[in-house]
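In: Pasted the sequence and its predicted model underneath.
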Amino acid sequence: MLIIITPPHTQPNEERIVNRLFESGLHLLHLRKPDADQDTLEHYIQAIRPCFRERVVLHDHFKLVEEYGLRGIHLKYNEARMFTERERFEHVSVSCHSFEEIDALPFEPNYVFLSPIFDSISKQEYPSAFNPEFLKENLQKRQVPVIALGGITGEKVTECRRLGFRGVALLGHAWEEPLETVARFTGILPDEVLSIAGFDQSSGAGVTADIKTFESCRVYGLGISSAITFQNQNTYLGTKWLTPEDIIRQCDVLFREFNPAYVKIGLIESFNTLEKIVKYLRATLPKVKIIWDPILKASAGFQFHDGENFEQLQDILRHIYLITPNTNELKTLFGNHPNTANLQALARTLHLNILWKGGHNDGALATDRLITPDNTYSFSVARAKHGKHGTGCVLSSAIASYLTLGYPLPDACRQGQHYVAGFIRSNDTNLGMHNRMENTTPEVDLYHVPLQYITDHKEGVSIPEQVEAVCKGGCRWVQLRMKEADREEIIRTGCVVKEICRRHGALFLVNDNVDIALELDADGVHLGKEDMNPLEARRILGYSKIIGGTCNTFEDVVDRFRQQVDYIGLGPFTYTTTKKRLSPILGLEGYQKIMDACRKEGIHLPVHAIGGIRENDIQPILNTGVTGIALSSLLKNNKDMARKTKDIIEQLKIKELPPPSG
Ligand SMILES: Cc1ncc(COP(=O)(O)OP(=O)(O)O)c(N)n1
Ligand SMILES: Cc1ncsc1CCOP(=O)(O)O
Ligand SMILES: [Mg+2]
């Protein structure tokens with residue numbers, strides 16, 4: 001786990017850097033501003049994108065935790081000694097300076113910072129208080145996760161891992177080059193996650209598929225075999241089970257070096273084996289959270305609908321954090337046709353989370369329902385036209401990965417669903433690819449291209465000249481919009497513009513016309529409400545092309561989302577002469593409402609604000625949660641389009657991340 005602690009005095013641009021840090025993989029931010037009053041802190045939190053606030057831990061003004069949905073609070077050791085409100089917060093962490101202090105804590109914290117582990121980089125008066133052997137021995141004995149703090153550099157991270165620290169926290173040094181630091185450290189410090197599952201020779205399912213998923217989600221994958229199956233993506237010939245003792249033996253050796261916080265269990269022989277493994281895991285790794293993907297094979301030793309067995313199942317489920325059954329598996333496990341009310345009653349009794357997968361049901365949308373003891377959530381994606389071998393394994397592994405990365409459970413389930421959708425889209429065969437997903441899952445790429453230039457007529461400056469200028473200024477996304485031109489002229493100009501875009505590595509999209517986008521082999525098309533339906537465009541252009549859709553209301557966003565667009569143009573922000581027949585103006589309030597609703601409903605797409613945007617509007621617009629802006633006149637009307645583009649990009653992107661090391 002990588003944690004960054006804020007500098008005590010706020011740096012220029014700090015809030016925006018923080019958003020970028022989260023985007024780049026920072027797990028948790030400790031917001032520590034000893035001199036800040038509540039209002040100042042509140043302003044800081046408001047500038048953090050709502051989707052990241054769950055990863056913020058406060059050192060003061062704890063009232064704001066509930067108000068803004070933050071992760072929790074952090075206490076100094078002396079404060080922790082007097083603290084009586086542990087139940088009020090889901091997360092409480094504590095700073096300690098010795099193992100005696102850790103042992104004397106009056107409650108169980110989520111983790112402790114132990115410092116100073118190494119000599120301070122900046123302050124000579126803070127030498128290390130520990131030697132490595134002493135640390136290793138003591139860390140092994142403690143159940144509470146301990147995070148190393150003090151003097152941590154890139155090289156020391158591996159050492160921290162070896163000693164048994166569950167993560168590192170960085171302070172002063174990190175803020176010299178914060179984005180580089182996160183990129184480097186998340187590369188060296190992947191958290192581990194374990195799959196106990198069957199071995200499938202085709203690797204579409206089972207333990208090898210799980211490990212591909214883990215790696216692709218940027219966690220370190222560990223694998224234990226519960227069985228050797230004899231199968232490929234189309235044929236299942238049989239299973240050779242490993243005994244519970246064989247499985248436990250594999251665990252024993254693995255846990256000498258690793259301490260995964262989440263373990264996913266897939267194919268397993270019987271309730272008896274499951275019970276033995278679950279109980280062993282809980283005894284050996286008391287903090288572990290188990291995710292069971294119930295692959296129920298009648299050929300295995302599962303006996304259903306027999307009272308005694310149901311008792312055993314209930315007993316096992318009490319030790320499990322999450323199960324991920326589909327409708328049939330729920331019926332098989334619990335007898336009745338599932339409904340949310342019954343499942344929630346079960347979730348409450350067993351203190352269990354249930355992800356009821358909807359992938360095999362009917363309808364245009366595939367909806368997964370997460371039922372926790374206190375809440376229910378639903379997440380939808382457009383139903384894929386074809387299935388894939390192993391999607392259930394991939395989903396539960398992706399969820400385990402996102403949980404390991406510190407996402408709250410509902411977010412991990414939603415992210416997992418998106419992961420599987422990308423996996424299914426990766427090709428047309430029964431075996432999906434994981435390494436192609438970054439190209440085919442547009443959310444990954446488009447989130448990181450925050451400026452789109454939309455061409456327009458400009459007296460004395462041709463469209464290719466405009467595009468050359470904005471690309472020179474750093475713009476990496478161009479939409480060719482020529483409302484007055486005929487098809488021939490658009491194609492002629494498009495050929496030149498495409499070439500310029502290719503040279504600069506910029507995306508090249510065509511406005512309105514799918515047929516022209518196809519002919520030009522553009523990167524995609526932008527479609528308004530009066531243009532072709534995005535689903536039809538998808539049929540024509542295929543999954544590798546980008547399809548954008550215009551929205552003016554939240555209802556439009558839901559429609560576009562269901563039509564599988566890759567990004568949304570949301571506007572108009574305000575009045576503009578660039579477009580005739582404008583939809584109602586949204587203003588900041590409109591954006592805020594729509595973006596909040598998206599977050600609430602679990603709709604996550606890159607969103608570009610558009611329409612009459614001026615320079616001063618950019619920051620307030622970004623603060624609503626939109627991920628980029630689409631501009632025409634602001635760039636076009638400037639004498640030096642390249643320079644203006646560069647200025648705007650500075651405001652949108654703080655700095656390109658270096659490639660992660662390793
Ligand atoms: C990024 C982006 N957003 C919205 C639009 C507007 O599209 P549309 O409503 O189809 O209007 P025209 O551009 O066709 O006049 C857009 N082009 N780009
Ligand atoms: C294409 C479009 N759709 C809504 S507003 C707009 C034009 C955006 O251009 P400008 O930045 O000049 O307002
Ligand atoms: Mg249009």
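Out: That came through, no problem. Predicted model only: the values in this text are computed from it and were never measured. Ligands and ions are numbered 1, 2, ... in the order given.
In: For the chain, which residues are neighbours of ligand 1?
Out: By CB under 6 Å from any ligand atom, the residues of the chain that approach ligand 1 are 452, 454, 479, 481, 511-512, 526, 528, 531, 548, 550, 569, 579, 608, 610, 630. Using the backbone N, CA and C atoms, a C-beta is placed for each residue, glycine as well.
In: residues making contact with the helix or strand harbouring residue 377?
Out: According to DSSP states H and E, residue 377 maps onto strand 376-382. Applying CB atoms under 8 Å, 6 or more residues apart in numbering, the contact partners of strand 376-382 are 340, 344, 364-370, 410, 413-414, 417-418, 421, 562-564, 602.
In: Check stretch 404-412 too.
Out: Under the criterion CB under 8 Å, 6+ apart, residues 1, 25, 27-28, 51, 54-55, 191-193, 217-219, 260-262, 322, 353, 370, 372, 375, 377, 399, 402-403, 415, 602 lie in contact with stretch 404-412.
In: rerun at 7 Å
Out: Contact with stretch 404-412 is made by 1, 27-28, 54-55, 191, 193, 219, 261-262, 353, 370, 372, 377, 399, 402-403, 415, as judged by CB atoms under 7 Å, 6 or more residues apart in numbering.
In: Scan the helices and strands of this protein for the one with the lowest mean pLDDT.
Out: In the chain, the helix or strand scored least confidently by mean pLDDT, DSSP states H and E is helix 437-440, which has a mean of 39.
In: hang on, the earlier thing: just the buried members of the residues of the chain next to ligand 1?
Out: 452, 454, 479, 481, 511-512, 526, 528, 531, 548, 550, 569, 579, 608, 610, 630 (16 or more other CB atoms under 10 Å).
In: what about the residue nearest the centre of the chain, helix or strand, and which?
Out: The centroid of the chain falls nearest to residue 415 when counting by CA atoms, centre = their mean (5.6 Å). Secondary structure assigned from DSSP H and E places residue 415 in helix 409-425.
In: Same check on residue 452?
Out: strand 451-454.
In: quick one, phi/psi of residue 468?
Out: phi -60, psi -40 (degrees, to the nearest 10).
In: Which of the contacts of strand 376-382 are buried? Put it as a PyMOL command.
Out: The buried subset of the contacts of strand 376-382, as determined by 16+ other CB under 10 Å, is captured in PyMOL by this line:
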select buried, resi 344+366+367+368+369+370+410+413+414+417+418+421+562+563+564+602
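In: ok, back up a step: average model confidence for the helix holding residue 415?
Out: The pLDDT scores in helix 409-425 average 84.
In: Likewise for stretch 68-75?
Out: 92.
In: try stretch 508-523
Out: Averaged across stretch 508-523, pLDDT comes to 90.
In: Now do it: everything it contacts.
Out: Contacts for stretch 508-523 (CB under 7 Å, 6+ apart): 478-481, 487, 490-491, 494-495, 497-498, 501, 507, 524-527, 531-532, 537, 540-541, 545-546, 548.
In: So which of those residues are in strands?
Out: 478, 479, 480, 507, 524, 525, 526, 527, 546, 548 (DSSP state E).
In: Return the members of the contacts of stretch 508-523 classed as buried.
Out: 478-481, 490, 494, 497-498, 501, 507, 524-527, 531-532, 537, 541, 545-546, 548.
In: Contact residues of the stretch 401-550 of the chain facing ligand 2?
Out: Along the stretch 401-550 of the chain, the residues adjacent to ligand 2 under the rule CB under 6 Å from any ligand atom are residue 454.
In: Just the pLDDT at the closest residue to residue 427 other than its chain neighbours, thanks.
Out: Of all residues not flanking residue 427 in the chain, residue 433 sits nearest, at 6.0 Å (CB to CB, 6 or more residues apart in numbering). The model reports residue 433 with a pLDDT of 89.
In: so where do the strands sit in the stretch 51-200 of the chain?
Out: Using DSSP state E, counting those that start in this stretch, the strands found in the stretch 51-200 of the chain span residues 56-58, 72-76, 92-96, 111-114, 146-149, 167-170, 192-199.
In: Could you list the buried residues of the host helix or strand of residue 247?
Out: Secondary structure assigned from DSSP H and E places residue 247 in helix 244-254. For helix 244-254, burial by neighbour count (16+ other CB under 10 Å) applies to 244, 247, 248, 250, 251, 254.
In: Same check on stretch 416-429?
Out: Neighbour counts over stretch 416-429 (16+ other CB under 10 Å) mark 416, 417, 418, 419, 420, 421, 422, 423, 424, 425, 426 as buried.
In: next one: stretch 340-355
Out: Under 16+ other CB under 10 Å, the buried positions of stretch 340-355 are 343, 344, 346, 347, 350, 352, 353, 354, 355.
In: Compute the mean per-residue pLDDT across it, please.
Out: Mean per-residue pLDDT for stretch 340-355: 96.
In: Present the buried residues of stretch 416-429 as CSV; the columns should include distance to ligand 3.
Out: Conversion of these to CSV gives the following (distance: CB to the ion, whole Å):
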residue, distance to ligand 3
416, 34
417, 30
418, 27
419, 31
420, 32
421, 26
422, 27
423, 32
424, 29
425, 25
426, 30
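In: Closest one of these to residue 137?
Out: Using CB to CB, residue 416 comes nearest to residue 137 of the buried residues of stretch 416-429, at 37.8 Å.
In: Which residues of the protein lie near ligand 2?
Out: Residues of the chain lying near ligand 2 (CB under 6 Å from any ligand atom): 454, 571-572, 576, 578-579, 610-613, 631-634.
In: switch to 8 Å and redo it
Out: Applying CB under 8 Å from any ligand atom, one finds that the chain approaches ligand 2 through 454, 456, 481, 511, 528, 550, 569, 571-573, 576-579, 582-583, 610-613, 630-634, 636.
In: In strands only, show me these.
Out: Counted as lying in strands by DSSP E, out of those, are 454, 511, 550, 569, 610, 630, 631.
In: Could you work out the most separated pair of those residues?
Out: Of all pairs drawn from those, the greatest distance, 15.3 Å, lies between 550 and 631 (CB to CB).
In: buried stuff in the helix or strand containing residue 272?
Out: If you go by DSSP H and E, residue 272 is part of helix 271-284. Within helix 271-284, the residues scored as buried using 16+ other CB under 10 Å are 271, 273, 274, 275, 276, 277, 278, 281, 282.
In: Okay, angle between that helix and helix 244-254 too, please.
Out: Our comparison of helix 271-284 with helix 244-254, counting by axes from the mean of the first three to the mean of the last three CA atoms, to 10 degrees, yields an angle of 20 degrees.
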